[in-house]
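S.K.: sequence first, predicted coordinates after that:
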Amino acid sequence: MGALLAGTAMGLPTAEELLAKMTEKVNQVKSFEAQMKVTTETPGHKDTDTAHMAMEKAEVGGKQVERILIAAKITKVRADGKEETGEEMIVNDGVFVWGQRRARGSETIKVRKDAAETMGVGWWAKEMNGMNRQRWGRFELAVVGEDVIEGQKMYVLEGKAKEAQPGQPGPERRRKIWVGQEDLLVHRDVTTTAGEDPAKRRVETLEFSEIKVDQKVDPALFKYTPPAGVEVEDRTAGK
């Protein structure tokens, strides 16, 4: 956790200028790897999801492809205090897209197989840019200062949610976002929902760590073999 650096906003970009730079940078990324953590907290309750994410643009069979890995673990705390965990994995090896899922509290594993074209080249950038446009579109953000996370200087943005309908404000929602000044990626994103009732306070935190951009990615991450004995739903059959 970095401490907010003192100073004025002089020389800092506007929120819109920063979004434009982020979009341009994301479109140029050739490989990406990071650990992701999503935490949802309400009074006396906390759920945590973690994921290992990777992307690499490569050539397979003479054509450009985009390999993808998303390996997530989902943890939910029930009302009785017991944890339920689930797992979800997506692997695009450049030829097929494999999806493996185990629902929370279940031991059953389901696997599906699709053609790589169902994701297509540019999927990662489209998802990242889409999330950023959503952040900027739903909140009145401003660059308010700087910070440091994992040794990298950050732009810090803060703002409140826009009204869904003018004159009809909902619960107070505020957002704080940390964007790397070197990689122009979101490293932390905290949304706080508060109202008159403290029991309904909700804090959602998204964190990316160990971020690697345009560095070598282990090819083994994009290899997948279904677990033994698990039936595969083959959506490529007959195509």
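M.R.: That came through fine. Numbering: from 1, shown residues only.
S.K.: looking at the protein, which helix is longest?
M.R.: Criterion DSSP state H: the longest helix present in the chain is helix 123-138.
S.K.: buried sites along it?
M.R.: By neighbour count on 16 or more other C-beta atoms under 10 Å, the buried set for helix 123-138 is 123-125, 128-129, 132, 135-136. All C-beta atoms are positioned from the backbone trio N, CA, C, and that covers glycine.
S.K.: starting at the chain centroid, how far to that helix?
M.R.: 10 Å (C-alpha atoms, centre = their mean, to the nearest Å).
S.K.: also stretch 188-195?
M.R.: That offset, for stretch 188-195, works out to 16 Å (C-alpha atoms, centre = their mean).
S.K.: contacts for that stretch next, please.
M.R.: 135, 149, 171-178, 200-208 (C-beta atoms under 8 Å, 6 or more residues apart in numbering).
S.K.: redo that, cut-off 7 Å
M.R.: 149, 171-178, 201-207 (C-beta atoms under 7 Å, 6 or more residues apart in numbering).
S.K.: now stretch 115-133
M.R.: 19, 22-23, 26-27, 29, 32, 55, 64-66, 68, 92, 94-97, 236, 239.
S.K.: redo that, cut-off 6 Å
M.R.: Identification of contacts with stretch 115-133 by C-beta atoms under 6 Å, 6 or more residues apart in numbering yields 22-23, 26-27, 55, 64, 66, 92, 94-97, 236.
S.K.: helix, strand, or coil at the residue nearest in space to the middle of the chain?
M.R.: The residue lying closest to the centre of the chain (C-alpha atoms, centre = their mean) is Met36, at 6.6 Å. Per DSSP: H, G, I helix; E, B strand; the rest coil, the local secondary structure of Met36 is strand.
S.K.: for Arg67, which non-adjacent residue is closest in space?
M.R.: Closest residue to Arg67 apart from its sequence neighbours, by C-beta to C-beta, 6 or more residues apart in numbering: Phe222 at 4.1 Å.
S.K.: report the contact partners of that neighbour.
M.R.: With C-beta under 6 Å, 6+ apart, Phe222 has these contacts: 67, 69, 93.
S.K.: what are the phi and psi values at the last one?
M.R.: With angles defined as degrees, to the nearest 10, Asp93 shows backbone torsions of phi -90, psi 10.
S.K.: model confidence at it, what's the number?
M.R.: Looking at Asp93, its pLDDT is 94.
S.K.: and for the second one?
M.R.: The per-residue pLDDT reported for Leu69 equals 97.
S.K.: okay, stretch 154-167 in CSV with CA atoms only?
M.R.: Output in CSV follows, covering the C-alpha atoms of stretch 154-167 (Å, rounded to 0.1, in the frame of the first residue of the first chain):
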residue,chain,number,x,y,z
MET,A,154,0.3,6.0,-10.0
TYR,A,155,-2.3,8.5,-11.0
VAL,A,156,-5.1,8.6,-8.4
LEU,A,157,-8.6,9.3,-9.6
GLU,A,158,-11.7,9.9,-7.3
GLY,A,159,-15.3,10.7,-8.0
LYS,A,160,-18.9,10.0,-7.2
ALA,A,161,-21.5,8.0,-9.2
LYS,A,162,-23.5,9.8,-11.8
GLU,A,163,-27.3,9.9,-11.2
ALA,A,164,-29.0,7.1,-13.1
GLN,A,165,-31.9,9.5,-13.6
PRO,A,166,-31.5,13.3,-13.1
GLY,A,167,-33.2,14.3,-9.8
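S.K.: just for the protein, where's the confidence low?
M.R.: Scanning the chain for pLDDT under 70 picks out the ranges 1-10, 78-80, 164-170, 238-239.
S.K.: understood, closing this out.
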